[in-house]
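[1] whatever this is, show me its structure:
(chains A and B)
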Amino acid sequence: MTPSTDRKRFTVPIGPQHPALKEPGHFAFDVDGEIVQSASVRLGYAHRGIEKATESRTWVQNLYLLERICGICSHIHATAYCLGVEKLAEVEVPPRAQAIRSLVAELERIHSHLLWLGVAAHEAGFDTLFMYSWRDRETVMDILEALTGNRVHYSANVLGGVKYDVDDKQAATIREGLDFLEERTLHYLEVVTTDGLFLQRTRGIGVMNRDEAEQSGVIGPTGRASGVHRDVRIDSPYTAYAEHPILPVYESTGDLLARFIVRLREQLASFEYIRMLLDHLPNSPLTTRMPRRVKEGEAISRVEAPRGELFYFIKSNGGDMPERIHVRTPTLCNIASVAQLVIGQHLADVPMILVGIDPCFSCNDRTSVISQDGQRDLWTWDRLRQYGINHYGTHYSKDIHR
Amino acid sequence: MKLGTLFKDALHALFSRAATEPYPNPQPNETERLRGRLMWAPEGCTGCNLCVKDCPANAIDLFVLDKKAKQFVMRYDVGRCTFCGQCMQSCRFECWHAANDDWSLAGTTVDGFTYYYGEEDDVERVLAEPVEEHPVKV
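    Prediction:
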């Protein structure tokens, strides 16, 4: 942080501890009175070295490691990885497994959006909405637990298919839960669009029009709230989305209110989609044979996580472990827009704008080493670890004491 | 434009049961597919070691006493287990299953997290020998 020399301006540092969310990230806002004049974002406080760790684990073990990149969108990480590895291994996944992957992904989207609704309402000081949305979220968590056996890391995927089937009893439980959740979601949609006090915190705040959204490259519900017609489920269908397309949801106003509406309407679309999937579950085995060594080559897989496009690059050298896996999470695309969105806004609205993109800091931290002399340089796990210790131990402490 | 849109919910909640469940007494009802502590039955084991190779947390180890006579002992560290269920998937002979009624596994000491499965005599034999600690992979 550089102290401002301009007397009229003052820099407000927020983070790295608890910058509106319980995840580390540093933001510096130059304010003139209450109005933000400029902002900077600094990430990299929660780098975990997962990409490097994948290189010393087998293809099967990596499925569970990568699933644990995110606690909220765990299934979609595993799906993206499975799709990439199956593409490399030239394995065709049975249609029922494809449908169940989509089913769990949509249930996960509902849980993620309800969680976000609560967090966003909490940032606005509307804790009643926070409490009720999280109470209702338990319904979808219970469905996921009944379906897969776990509340958070479902581990429904396996290379070459899925582990768990949906029987009639579970289908009935899911339908019952969805009916309740649909009623509640419509109620929340009414609350966020009509509550006078809440509208003052959302309407016309953090507006990003379509051109700005295109330029800053925002994706997922954040982009769709600004009218960016981009959804991997529709643009490049995977699993069951090719056979059964999902209804896209777009808004055009691009303010915080639109981001609420898009996410709530996406939930409604997910309810419809899950019901349709349950009606049309194809009959087939759940898994297919998967080789333990994956053919040499490179694959890219893209999926629509609850927060936006999730991108996986997978490279195999023909062995039982990957040579390289790169993961780009949606937050990396969306976080830069925060620095633009907050300009001209009140400082008090900053946490809401930040939460509006539904950030997940820990999922998106990566390390890139750029060699200036063009020489090849090998980074071992120990070296990366030592670098991390030195980086946080000296670099940041200097920064703070300066 | 309205005010107090959640007032009805709040009023309703005032006269309804708490949304949270009491714990630890009584224990909440477990679901059928819940993955609790893993159990291993030695009957079907052929000593192929696939479950051990596939375990992402290195939580299980197989001791082969006599492969021909099918004498195996499985060591399971519940403290390392991530309850992903891959071992159940990897085993073709259904030796593994997760107990859905044994999930309250936290402890206040570091002891008691390791389980040995197998015939009683075999387990005693394994425990009598000095066992090399499982190497921790980073």
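
[2] so where's chain B shaky on pLDDT?
    The model of chain B has pLDDT under 70 over residues B:130-138.

[3] so which residues on it come close to chain A?
    Chain B comes close to chain A at residues B:1-3, B:5-6, B:9-10, B:13, B:19, B:31-35, B:53-57, B:82-86, B:89-90, B:98, B:100, B:137-138, as judged by Cβ under 8 Å from any Cβ of the partner chain. Bear in mind the C-beta positions are built from the backbone N, C-alpha and C, glycine included.

[4] helix/strand/coil for A:S38?
    Assigned with DSSP: H, G, I helix; E, B strand; the rest coil, A:S38 falls in the strand class.

[5] what about stretch A:248-265, near chain B?
    No: applying Cβ under 8 Å from any Cβ, one finds stretch A:248-265 separated from chain B by no less than 13.0 Å.

[6] sorry, back to before: which members of the residues of chain B next to chain A are positioned in helices?
    Using DSSP state H, the subset of those located in helices is B:9-10, B:13, B:53-54, B:86, B:89-90.

[7] list buried residues within those.
    Using 16 or more other Cβ atoms under 10 Å in any protein chain shown as the burial test, these include B:9, B:13, B:54, B:86, B:89-90 as buried.

[8] run through the residues of chain A sitting next to chain B.
    Residues of chain A lying near chain B by Cβ under 8 Å from any Cβ: A:53, A:56-58, A:60-65, A:67-68, A:128-129, A:132, A:135, A:138, A:142, A:145-150, A:153, A:155, A:158, A:163-164, A:190-191, A:194-199, A:381.

[9] what residues sit buried inside stretch A:168-187?
    Those would be A:170-171, A:173-174, A:177-178, A:181-182, A:184-185, for stretch A:168-187 by 16+ other Cβ under 10 Å.

[10] next one: stretch B:46-61
    Buried, per 16+ other Cβ under 10 Å, within stretch B:46-61: B:50-52, B:54-57, B:59-61.

[11] one more: stretch A:143-160?
    Buried residues in stretch A:143-160, counted by 16+ other Cβ under 10 Å: A:143-150, A:152-160.

[12] cool, and stretch A:53-61?
    Buried, per 16+ other Cβ under 10 Å, within stretch A:53-61: A:53-54, A:57-61.

[13] what's the first helix or strand after the helix or strand containing B:V64?
    Taking DSSP states H and E as the criterion, B:V64 maps to strand B:60-66. Scanning forward in sequence from strand B:60-66 by DSSP H and E, the next helix or strand is strand B:71-77.

[14] thinking A:G308 is in contact with A:A225, fair?
    No: between A:G308 and A:A225 there is no contact under Cβ atoms under 8 Å: 11.3 Å.

[15] show me which of the two is the more surrounded one.
    Ranked by neighbour count (other Cβ atoms under 10 Å in any protein chain shown), A:G308 and A:A225 place A:A225 first, with 29 against 25.

[16] show the pLDDT at the nearest residue to the more buried one once chain neighbours are set aside.
    Nearest non-adjacent residue to A:A225, counting by Cβ to Cβ, 6 or more residues apart in numbering or on different chains: A:A258, 3.9 Å away. You'll see A:A258 listed with a pLDDT of 96.

[17] hmm, A:A258 is touching A:S226, no?
    Yes: counting by Cβ under 8 Å, A:S226 is a contact partner of A:A258 at 7.2 Å.

[18] tell me, what's touching those two both at once?
    A:251-252 (Cβ atoms under 8 Å, 6 or more residues apart in numbering or on different chains).

[19] at the geometric centre of the chain, which residue sits there?
    You didn't pick a chain, so chain A it is. A:R307 (3.8 Å; Cα atoms, centre = their mean).

[20] correction: the question concerned chain B.
    Among the residues of chain B, the one closest to the centroid is B:R37, at 2.8 Å (Cα atoms, centre = their mean).

[21] so what's the residue count around the nearest residue to that one once chain neighbours are set aside?
    Nearest residue to B:R37 in three dimensions, chain neighbours excluded: B:D102, at 4.4 Å (Cβ to Cβ, 6+ apart). Using other Cβ under 10 Å, B:D102 has 14 neighbouring residues.

[22] surely B:D102 forms part of a helix?
    No: applying three-state DSSP, one finds B:D102 to be coil, outside a helix.

[23] quick one: it and B:G36 touch, right?
    Yes: between B:D102 and B:G36 there is a contact at 4.6 Å, judged by Cβ under 8 Å.

[24] re earlier: contacts only, for the residue nearest to the centre of chain B.
    So B:R37 contacts B:78, B:98-99, B:102-103, B:105, B:115 (Cβ under 8 Å, 6+ apart).
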